[in-house]
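[1] sequence first, predicted model second:
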Amino acid sequence: IQLTQSPSSLSASVGDRVTITCRASQGMSSSLAWYQQKPGRAPKLLIYGTSTLQSGVPSRFRGRGSGTDFNLTISSLQPEDFATYYCQHLNTNELTFGGGTKVDI
Amino acid sequence: EVQVVESGGGLVQPGGSLRLSCEASGFPFHNYGMNWVRQAPGRGLEWISFISSDSSIIYYTDSVKGRFTVSRDNAQNSMSLEMSGLRDDDTAVFFCAREMAFCSSNTCYHYYGMDVWGQGTTVTVSS
């Protein structure tokens, strides 16, 4: 299964609502995770099981979706949210990442 | 503090070998699956290998099969990645990451994602 994220990059302002899409090449029965990565840093888990918020992650982050279409929404973008976001397919034998979406100012 | 720390990166010639290590602390290492993920310069994340908590289930992405070997030592709270036949396109930062995966028979069910990551170790393949 290939994961295609869109857009590959976007520009937004503080306070904006931002939605990132992750589309699977075929229908998925397994779940999805979302990560945030800032330059020179390790990725940080935001969401697992498609829609469950990792402990300590602000509630402005929301994950939804099923089948082939999944999305990550940031309800009100904060300065610390400018980063690159990756989806990941949590399959039984392959844990593919999407290509990433860079969110900048 | 819960953490994982990678080491062993460096400069290696094409065709050469290198062994990476991941040392875990602050959590019951033997209860968790572990992954290696890499990131080439300016590129996205690429998952490369998973090893179950008891080493009974291991899998790799296609591009490293036959060249990379993952192993772990639960007594030493450590995981290793033996890399051979290195190519220019293996140049990357290599991360190890913890994962709570549930394994039964020959299958692991991944649901919780990778929640603890190291800062990475850099591998450069160049002549």
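    The structure has been received and is ready for your questions. Numbers count the residues shown, from 1 in each chain, chains lettered A, B, ... in the order given.

[2] what residues does chain A put near chain B?
    Within chain A, the residues that sit near chain B (CB under 8 Å from any CB of the partner chain) are A:30-31, A:33, A:35, A:37, A:41-45, A:47-49, A:54, A:84, A:86, A:88, A:90-100. Where C-beta positions appear, they are placed from N, C-alpha and C, glycine not excepted.

[3] how does it look with 7 Å?
    A:31, A:33, A:42-43, A:45, A:48-49, A:54, A:86, A:88, A:90-97, A:99-100 (CB under 7 Å from any CB of the partner chain).

[4] beyond the lengthiest strand in chain A, next helix or strand please.
    Secondary structure assigned by DSSP state E gives strand A:61-74 as the longest strand of chain A. Per DSSP states H and E, the first helix or strand lying C-terminal to strand A:61-74 is strand A:84-90.

[5] what parts of chain B come near chain A?
    The interface of chain B toward chain A, taken as CB under 7 Å from any CB, is made up of B:35, B:44-47, B:50, B:59, B:61, B:95, B:107-115, B:117-120.

[6] which helices and strands does the longest strand along chain B pack with?
    Ranked by number of residues, the top strand in chain B under DSSP E is strand B:92-104. Helices and strands touching strand B:92-104, as assessed by 3 or more CB pairs under 7 Å, 6 or more residues apart in numbering or on different chains; DSSP states H and E, comprise strand B:3-7, strand B:33-39, strand B:107-117, strand B:121-125.

[7] can you pull the buried residues of it?
    Buried positions in strand B:92-104, judged by neighbour count with 16 or more other CB atoms under 10 Å in any protein chain shown: B:92-99, B:101, B:103.

[8] centre of the chain to that strand, how far?
    7 Å (CA atoms, centre = their mean, to the nearest Å).

[9] note down every partner strand of that strand and its orientation.
    strand B:33-39 (antiparallel), strand B:107-117 (antiparallel), strand B:121-125 (antiparallel) (DSSP bridges).

[10] who touches the second one?
    I take that to be strand B:107-117. A:31, A:33, A:42-43, A:45, A:48-49, A:54, A:88, A:90-92, A:95, B:2-4, B:33, B:35, B:52, B:57, B:95, B:97-102 (CB atoms under 7 Å, 6 or more residues apart in numbering or on different chains).

[11] pick out the residue closest to the middle of chain A.
    Taking CA atoms, centre = their mean, the centroid of chain A lies closest to residue A:34, which sits 3.9 Å from it.

[12] that one against residue A:87, yeah?
    Yes. Applying CB atoms under 7 Å as the test, residue A:34 and residue A:87 come out as touching, 5.6 Å apart.

[13] and residue B:113, what pLDDT?
    At residue B:113, the predicted lDDT confidence score is 95.

[14] give me the number of residues near it?
    Residue B:113: 26 surrounding residues under other CB atoms under 10 Å in any protein chain shown.

[15] next: residue A:95.
    Residue A:95 has 25 neighbours, counted by other CB under 10 Å.
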